[in-house]
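Chemist: Kindly generate the corresponding structure for this input.
(one chain, ligands or ions: 3)
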Amino acid sequence: MSRLIIVTENEAQKTVEGLYRDLERRIQASQPGLCPVDLAEAFLHICHAQSCGKCTPCRVGLGQLEKLMESVLDGSADMETLTTIEKTADAIYHSADCAIGFEAAKMVLRGIRGFYDDYAEHVKHGRCNAKQSQPVPCVSLCPAHVDVPGYVSLIHEGRYAEAVQLIRKDNPFPAACGLICEHPCELRCRRTMVDKAINIRGLKRYAVEHEGEIKVPKIMDKTGKKVAVVGGGPSGLSAAYYLSIMGHDVTVYEQRKQLGGMLRYGIPAYRLPREILNHEIDGLMKTGFQVKTDVSIGKDISLAQLKREFDAVYVSIGAHTDKKLGIPGEDAEGVISAVEMLRNIGDDIYPDFTGLNVVVVGGGNVAMDVARSAIRLGAKTVKVAYRRRRVDMTALPEEVEGAIADGCDIVELHSPVRIEKDEKGHCKGIVLKPQIIGGVRYGRPSPKDSQAPEVEMKADLVLVAIGQGIDFRKFEEYQGITIESGRINALDTSALQNAEGIFAGGDCVTGPATVIRAIAAGKTAAANIDEYLGFFHEIESDIVLPPVRFDDNAPTGRVNMKERPADERVLDFKLMEYGMTDEEACQESGRCLHCDHFGYGIFKGGRENKW
Ligand SMILES: Cc1cc2nc3c(=O)[nH]c(=O)nc-3n(C[C@H](O)[C@H](O)[C@H](O)COP(=O)(O)OP(=O)(O)OC[C@H]3O[C@@H](n4cnc5c(N)ncnc54)[C@H](O)[C@@H]3O)c2cc1C
Ligand code: SF4
Ligand code: SF4
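Modeler: Residues are numbered from 1 along each chain as shown. Ligands and ions are numbered 1, 2, ... in the order given. Below is the predicted model:
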């Protein structure tokens, strides 16, 4: 008999590990609109199975909670049961010995407080809340509700132009979105249950690349109504596009030399080449809207004057002011805000950073864009100083990895203290205080000063990328426009509550967000401005989709996008990402499970062909 043996994973344990992975994938693919009570009960069941059984609140209490929740679901509970659930969960939370028990109870507590109405609906009417619907995950999570399964099936059939037309019904920027959309549509793709989410953004790019001539949609009869759009970014241009199709007479006012907003004056050309953006905007303008560039509303023309001259106004001025670090020495020459630097690049004014030591402050996508641009502008070193940990960065992980591959250094857990200047007032360094990660506040671990001494980093240039604000000063003067938390206060219809005929949307309402959210706001505004003007024009598609396929179940790897090698791409601002090949697009589009057809009977009554 041996005293010790080497423990190897037995068959049962291996199988359980596999089941955990399957479960993770299934949770990730949980579509919006699931019954939250049912889900909470299922989670509780898993939590109870984890109990070691040592303490009574967890071993017995979680079992009791399960029974109470089951009674809600099987219709035998009354409203008193809900009080008992809350009290029981609260007692377990305060008495369980370890996280297996108290975290499970906390989850139930959050649920009964967060979706009490759903519990009550089960008790009173024995059903899920009538507000719940089960939309197709990709369609509902795309803020503009692009018909993803529709266009993916058209791509699979080789009908690329129709695929893009179908996208334009809801999103007039398929080329830009095919390259830079943050693709929330992929988050809960049901294909994750089989293998990995469909590469929806990549397929969009492929379709656009094979579209041929952009087809201008049919313009409806002229209405004689005039609409002004303030701001030529994705939100304003989307509103202008749809309102023009509806027959209204639209004029876009843009303060800069060119249209595009942050698509041009923010996102660098190596992610969104200017010729692609220009081609897309030219296509939108074929619907007939007028453009007045170099005109700033509030400065050159007041909003009140605009309102007098037009029947309705859509304000989509974005978020373009820089935020300050608020540290000594920030006024030094060579301390530049990210938005200022990218704005110049947007107008093709490329600064020369050859031989400079650059420090970028920030941890979001904008910080990565300026850091990677600085490398392309010839900087000797680029360091990104961030006060939290790398894993806490709000930048997409692939952007952080890309920046590192391009040659940027990420200096995590360092907070800026002051900027050092030379005798001419030019910055020569930045002093940083090392941080230690601390307690969780608002759901994120917060950094605090560590005991380590301050460090100085050599910096000929400091690029500040800590967020953007909204320049609402001239708009606030207009009676009825209110500002809340630094943003224009608009209803979810885009209308302003107390300023009749004025609508607002995009970054100036949400704060800095994403292109597709700005597009969705423009689309919403177009529909509601049309209605405000007394019409009900519908934007529709008559494209007939291919029949549903049944050969898509075999697990297959996801086709990811590839990029030019780092040592080559850092030498220019040309597009960094390669597109899909024909065989990749055919295979990837063939993986879609057609959730619009299978299992989603209450997708608002079926496919939406118009809005
Ligand atoms: C560096 C950077 C990178 C980004 N990368 C991505 C990305 O990869 N993916 C993504 O989805 N999103 C990204 N975003 C966010 C995205 O660009 C914005 O959310 C989006 O452009 C907002 O659209 P918008 O139309 O509301 O505002 P904007 O695009 O900001 O457009 C507003 C327009 O209004 C004009 N304007 C402002 N004031 C006036 C006035 N008084 N009179 C006339 N015109 C005026 C502005 O000049 C501008 O053209 C990025 C943002 C930045 C800054
Ligand atoms: S626009 Fe963006 S979110 Fe919408 S379907 Fe395309 S990639 Fe997804
Ligand atoms: S499998 Fe297809 S239809 Fe289903 S969520 Fe994914 S992309 Fe959408």
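Chemist: how long is stretch 406-421 from one end to the other?
Modeler: The distance separating the two terminal residues of stretch 406-421, taken as Cα to Cα, to the nearest Å, comes to 29 Å.
Chemist: continuing past the helix or strand containing residue 151, what's the next helix or strand?
Modeler: In the assignment (DSSP states H and E), residue 151 maps to helix 148-156. The helix or strand immediately downstream of helix 148-156 is helix 160-168, counting by DSSP H and E.
Chemist: quick revisit: and the helix holding residue 151, does that touch ligand 2?
Modeler: Yes: using Cβ under 6 Å from any ligand atom, we find that helix 148-156 touches ligand 2 at residue 148. Any C-beta I mention is one placed from the backbone N, CA and C, and that applies to glycine too.
Chemist: Kindly report the same for stretch 234-251.
Modeler: No: between stretch 234-251 and ligand 2, judged by Cβ under 6 Å from any ligand atom, nothing touches; the nearest distance is 10.8 Å.
Chemist: Could you export that stretch as PDB, CA atoms only?
Modeler: Listed next in PDB are the C-alpha coordinates belonging to stretch 234-251 (Å, rounded to 0.1, in the frame of the first residue of the first chain):
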ATOM      1  CA  PRO A 234     -23.500  59.500 -37.800                       C
ATOM      2  CA  SER A 235     -26.600  60.500 -35.800                       C
ATOM      3  CA  GLY A 236     -27.400  63.600 -37.800                       C
ATOM      4  CA  LEU A 237     -26.700  62.000 -41.100                       C
ATOM      5  CA  SER A 238     -28.800  59.000 -40.300                       C
ATOM      6  CA  ALA A 239     -31.800  61.300 -39.500                       C
ATOM      7  CA  ALA A 240     -31.100  63.300 -42.600                       C
ATOM      8  CA  TYR A 241     -31.000  60.200 -44.800                       C
ATOM      9  CA  TYR A 242     -34.300  58.700 -43.600                       C
ATOM     10  CA  LEU A 243     -36.100  62.100 -43.400                       C
ATOM     11  CA  SER A 244     -35.100  62.800 -47.000                       C
ATOM     12  CA  ILE A 245     -36.400  59.400 -48.100                       C
ATOM     13  CA  MET A 246     -39.700  60.300 -46.400                       C
ATOM     14  CA  GLY A 247     -39.900  63.400 -48.700                       C
ATOM     15  CA  HIS A 248     -38.900  66.100 -46.300                       C
ATOM     16  CA  ASP A 249     -36.600  69.000 -47.200                       C
ATOM     17  CA  VAL A 250     -33.600  68.500 -45.000                       C
ATOM     18  CA  THR A 251     -30.500  70.800 -44.300                       C
END
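Chemist: now it: how far from the chain's centre is it?
Modeler: Once both centres are worked out by Cα atoms, centre = their mean, to the nearest Å, stretch 234-251 turns out to sit 23 Å from its chain's centre.
Chemist: Can we start the residue count at 9 from this point?
Modeler: In the new count, where the first residue is 9, that last one comes out as stretch 242-259.
Chemist: Show me which residues of the chain sit near ligand 1.
Modeler: For the chain, the residues in contact with ligand 1 (Cβ under 6 Å from any ligand atom) are 188-190, 238-244, 261-264, 269-271, 274-275, 304-306, 324-326, 328, 350, 373-374, 377, 514-515, 520-524, 526.
Chemist: quick revisit: any idea of the mean pLDDT in the helix holding residue 159?
Modeler: Helix 156-164 shows a mean pLDDT of 95.
Chemist: Make sure residue 480 is actually in contact with residue 516.
Modeler: Yes: counting by Cβ atoms under 8 Å, residue 480 sits close enough to residue 516 to count as a contact (7.0 Å).
Chemist: Who has more neighbours out of the two?
Modeler: For residue 480 and residue 516, the more surrounded residue by other Cβ atoms under 10 Å is residue 516, and the numbers stand at 28 against 22.
Chemist: quick one on the thing from earlier: tell me what the helix holding residue 159 is packed against?
Modeler: Counting contacts by 3 or more Cβ pairs under 8 Å, 6 or more residues apart in numbering; DSSP states H and E, helix 156-164 packs against helix 145-149, helix 168-176, helix 208-217, helix 590-597.
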